[in-house]
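**Student:** Need coordinates for the below:
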Amino acid sequence: MSDAVETYAGLWNPWWDGISTTVKSKTILAEAVNAESMRKAAGLDWEIMKQPAFVTGEHAGRIPGWNAVQRKTDGAIFGMVSDSYRLFQNEEGFEFLEALMQQGNVEYVSGGALFGGAFAWALAKVDEFTVHGDDSPYADYLLGYWGHDGRHGFTVADTAVRVVCANTATAAIAGSKNKVTIRHTANMEARLAAARKTLDIHSEYSKRLQKVLADLAKRPKTTPEVTNFTVKLLPANPDVEHAYRTEADRLAIVNLFQASPTLVGVAPTAYRAYQATTEWLDHVKVVKDTKTEKASDRRALSIIEGGAADLKATALKLLAKA
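**Tutor:** Residues are numbered from 1 along each chain as shown. As a prediction, this is how the structure comes out:
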């Protein structure tokens, strides 16, 4: 989301570097940091407040029961909320992750603000694992993200990233529910009790993901078999006589399976086929600008919760069954 990022800090130079027109600050970290250091580095060391809402014009006056959510540092407005709405500060987001993980030495690897500050996030490292035959490790993370717009609560999600090319291994295992959202309420204990379910989900997700990927790495795949897999993954539109675009997409995945530079040393297995698919979705698949959205934004949103995430789930299911 190149034009959605306002501030950023992390271990990695972001893919949108040099593209974004909205970034106010960017900090590349040498190592993981604690909560206070991440808040400062990521430009999240500010608070929000409620300000009474008014209408202007002939009938100017106070809007009963409604307030604007405003950032104290620059006056930016993020949304409208009722008098009873409880604000959720950035500092609380980090405190929530600390309490959730029940440890005082949480290692944060990235964080920042999106959409002018209306959203914020922090990514904490939980563990790391490798798949047999692939020297590039998967880092196991918990992601916390929250909104200041009055419409989004605090969400905790799990994710695993293959370090070599940042292919997101989404919760693509059938039946996995890998995130929990808690509304902004005054009862912290109740919120924690609800959010701790995420840790159980995360632990189960991580175990299942490692097991599934390890199983894929044991099953050899030939190029014709991968070609057949892409036909199932990307079925042609029956109303189109020659599905050239679909055929090109299938071929791109097969070519990555055969010769991707990020997969050097990885055996020709179902695991390699899955990595070729995720690489195609994250980096190679053609995504175009629309009248309202840039291609980079559309790709990022698709990877997080759109078509790319769904296709990764489908790919893993198909390969796990094959």
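
**Student:** what number of residues lie near Gly79?
**Tutor:** Neighbourhood size, Gly79 [other Cβ atoms under 10 Å]: 17. C-beta: built from backbone N, CA, C; applies to glycine.

**Student:** Can you tell me the strand partners of the helix or strand where it lies and which way each runs?
**Tutor:** Taking DSSP states H and E as the criterion, Gly79 maps to strand 77-82. Note on strand 77-82: by DSSP bridges, its sheet partners are strand 61-71 (antiparallel).

**Student:** domains of the protein?
**Tutor:** With domains defined by automatic domain parsing, the chain comprises 5-214, 219-321.

**Student:** ranges for the helices of the stretch 201-322 of the chain?
**Tutor:** 223-233, 244-259, 270-279, 295-305, 307-321 (DSSP state H, counting those that start in this stretch).

**Student:** got it, and the stretch 51-200 of the chain?
**Tutor:** Counting by DSSP H, counting those that start in this stretch, the helices of the stretch 51-200 of the chain are 90-101, 188-217.

**Student:** mean pLDDT lowest for which of those helices?
**Tutor:** Ranked by mean pLDDT, those bottom out at helix 188-217, with a mean of 72.

**Student:** Tell me which of the helices of the stretch 201-322 of the chain is the most buried.
**Tutor:** Compared across those, helix 270-279 shows the largest average neighbour count, a mean of 26 (mean count of other Cβ atoms under 10 Å).

**Student:** can you give me how far that one is from the chain middle?
**Tutor:** Computed by Cα atoms, centre = their mean, to the nearest Å, the chain-centroid distance of helix 270-279 equals 19 Å.

**Student:** elements contacting it?
**Tutor:** strand 167-169, helix 188-217, helix 223-233, helix 244-259, helix 307-321 (3 or more Cβ pairs under 8 Å, 6 or more residues apart in numbering; DSSP states H and E).

**Student:** neighbouring contacts of the third one?
**Tutor:** By Cβ atoms under 8 Å, 6 or more residues apart in numbering, the residues outside helix 223-233 that reach it are 221, 249-250, 253-254, 257-258, 268, 273, 276-277, 311, 314-315, 318-319, 322.

**Student:** at 7 Å what do you get?
**Tutor:** 250, 253-254, 257-258, 273, 311, 314-315, 318-319, 322 (Cβ atoms under 7 Å, 6 or more residues apart in numbering).

**Student:** Just put those residues in CSV and tack on pLDDT and distance to Asn13.
**Tutor:** Converted to CSV, the contacts of helix 223-233 look like this (pLDDT from 0 to 100; distance: Cβ to Cβ, whole Å):
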residue, pLDDT, distance to Asn13
Arg250, 96, 32
Ile253, 97, 27
Val254, 97, 30
Phe257, 97, 28
Gln258, 97, 29
Ala273, 96, 29
Leu311, 86, 27
Thr314, 89, 31
Ala315, 91, 28
Leu318, 92, 34
Leu319, 92, 31
Ala322, 68, 37
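
**Student:** from the residues you listed, which two are the most distant?
**Tutor:** Spatial extent of the contacts of helix 223-233 (Cβ to Cβ) is set by the pair Gln258 and Thr314 at 21.4 Å.

**Student:** neighbours of Ile182, just the number please.
**Tutor:** Count around Ile182 with other Cβ under 10 Å applied: 20.

**Student:** now do Lys24
**Tutor:** Neighbour tally, Lys24, other Cβ under 10 Å: 12.

**Student:** That one reaches Val5, doesn't it?
**Tutor:** No: assessed by Cβ atoms under 7 Å, Lys24 is found out of contact with Val5, at 9.0 Å.

**Student:** which residue packs closest to Ala243, ignoring adjacent ones?
**Tutor:** Ala236 (3.9 Å; Cβ to Cβ, 6 or more residues apart in numbering).

**Student:** The one you found and Tyr244, how far apart?
**Tutor:** 10 Å (Cβ to Cβ, to the nearest Å).

**Student:** Show me where the stretch 201-322 of the chain dips below the pLDDT cut-off.
**Tutor:** 201-205, 295-306, 322 (pLDDT under 70).

**Student:** burial count for Ser206?
**Tutor:** Ser206, neighbours per other Cβ under 10 Å, totals 19.

**Student:** For it, give me its contacts.
**Tutor:** 140, 158.

**Student:** From Gln210, how far out is Ala41?
**Tutor:** 31 Å.

**Student:** Which one of those two is surrounded by more residues?
**Tutor:** Ala41 (23 against 17).

**Student:** wait, what's in contact with the more buried one?
**Tutor:** Per Cβ under 7 Å, 6+ apart, neighbours of Ala41: 9, 27, 29, 33.

**Student:** Next step: these restricted to strands.
**Tutor:** Counting by DSSP state E, the contacts of Ala41 place 9, 27 in strands.

**Student:** Out of the contacts of Ala41, which is nearest to Phe78?
**Tutor:** Closest to Phe78, out of all of these and judged by Cβ to Cβ, is Ala9, at 20.6 Å.

**Student:** Next, the buried residues of the strand holding Gly79.
**Tutor:** 77-81 (16 or more other Cβ atoms under 10 Å).
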